[in-house]
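K.L.:
Sharing a sequence plus its predicted fold:
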Amino acid sequence: MKERIAKIMARAGLCSRREAEDWIRAGRVTLNGQLLSTPAVTVSSQDHIIVDGNALPVQEKIRVWLYHKPPHLITTHKDPEGRPTVFQNLPETLPRVISVGRLDVNSEGLLLLTNSGDLARFLEHPKTHIARTYRVRIFGNVEERMLKLLKKGLTIEGISYASIDASVEQKQGANQWLTLKLYEGKNREIRRIIQYFGLSLSRLIRVGYGPFSLGTLPLEGVWEVPTKTLYNDLLTLGYLKEGEKF
């Protein structure tokens, strides 16, 4: 089965698909001994790809892990302020992984980890319209007007936020638990929106990302998605096509 060469390069972990296309146009890639000038080329496992004079790395099987992030950890490989990070907290048995998006230092819940930069970029991109589901605890009264405005979408300080599905899950005295489903995941989106309505947010837990669910994974727990399950999930999301290897 043949695939676009940029996709193969990205899967090998060298770069994103867009970067691969730029590298090809810049004359950095040869295919079967011939310098490529256009990325509009499909290749198979029998083709020989050279990038910057080096053979394309062997493509690793795509893997995804679910991690239950606790609060107070930074989602980065290294923090200049010396604060503890998610990656310092992972089991040593894991290979080098990257996160799919981030959870800020005070947020908790589901963080996806993968060995594929290409898959991470796909899952993060707003155009894929993948739902991120959160449970949030709010101090204050949530009015029906707020839920309707969230569903419609709103603009705060010049930043437009797309439609958010919101529902009141539970009331505990002056606190309320809400379930929010977002499709963009802009920086600190939920916190800014809650503040805009004059409410106070005390907990933010991500419980779902597309077909991946936090479920009963314990705090700081790590679980690898089984190969068959992951393959079916990536088919459903449109990252893979039927019969395509990964």
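P.N.:
Arrived safely.
K.L.:
Tell me where this structure has helices.
P.N.:
Along the chain, counting by DSSP state H, helices occupy 5-11, 17-25, 117-124, 144-152, 189-196, 227-237.
K.L.:
Now do the fourth one: distance to the chain's middle.
P.N.:
Distance, stretch centre to chain centre, for helix 144-152: 26 Å (C-alpha atoms, centre = their mean, to the nearest Å).
K.L.:
Buried residues of it, list them for me.
P.N.:
Buried residues in helix 144-152, defined by neighbour count with 16 or more other C-beta atoms under 10 Å: 146-147, 149-150. No exception for glycine: its C-beta is placed from N, CA and C like everyone else's.
K.L.:
Between those residues, which sits nearest Leu110?
P.N.:
When the buried residues of helix 144-152 are compared for distance to Leu110 (C-beta to C-beta), Leu150 wins out at 21.0 Å.
K.L.:
The closest one reaches Tyr196, doesn't it?
P.N.:
No. In this structure, Leu150 is not within contact of Tyr196 by C-beta atoms under 8 Å, at 10.3 Å.
K.L.:
any shared contact partners between the two?
P.N.:
Contact criterion C-beta atoms under 8 Å, 6 or more residues apart in numbering; residues shared by Leu150 and Tyr196: none found.
K.L.:
coming back round to it: possible to save the buried residues of helix 144-152 as TSV with pLDDT and distance to Ser99?
P.N.:
Formatted as TSV, the buried residues of helix 144-152 follow (pLDDT from 0 to 100; distance: C-beta to C-beta, whole Å):
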residue	pLDDT	distance to Ser99
Met146	90	30
Leu147	92	30
Leu149	91	31
Leu150	92	26
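K.L.:
Looking at those, which two lie furthest apart in space?
P.N.:
Largest pairwise distance in the buried residues of helix 144-152, by C-beta to C-beta, is 7.4 Å, between Leu147 and Leu149.
K.L.:
For Lys69, give me the pLDDT.
P.N.:
pLDDT recorded at Lys69 is 97.
K.L.:
Could I get the contacting residues of the most centrally placed residue in the chain?
P.N.:
Taking C-alpha atoms, centre = their mean, the centroid of the chain lies closest to Val100, which sits 2.9 Å from it. Applying C-beta under 8 Å, 6+ apart to Val100 gives the contacts 111-114, 119-120, 123-124, 209.
K.L.:
and if we set it to 10 Å?
P.N.:
64, 110-114, 116, 119-124, 130, 185, 209-210, 212 (C-beta atoms under 10 Å, 6 or more residues apart in numbering).
K.L.:
still on that earlier bit, please identify the most buried of the helices of the chain.
P.N.:
With neighbours taken as mean count of other C-beta atoms under 10 Å, these reach their highest mean count in helix 5-11, at a mean of 23.
K.L.:
With just CA atoms, put that one into CSV.
P.N.:
Provided in CSV are the C-alpha atoms of helix 5-11 (Å, rounded to 0.1, in the frame of the first residue of the first chain):
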residue,chain,number,x,y,z
ILE,A,5,5.9,10.6,1.4
ALA,A,6,5.3,13.5,3.9
LYS,A,7,3.2,11.2,6.0
ILE,A,8,5.9,8.6,6.0
MET,A,9,8.5,11.1,7.1
ALA,A,10,6.3,12.4,9.9
ARG,A,11,5.5,8.9,11.1
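K.L.:
Any idea how far that helix is from the middle of the chain?
P.N.:
Distance of helix 5-11 from its chain centroid, counting by C-alpha atoms, centre = their mean, is 19 Å.
K.L.:
What mean pLDDT does it get?
P.N.:
For helix 5-11, the mean per-residue pLDDT is 85.
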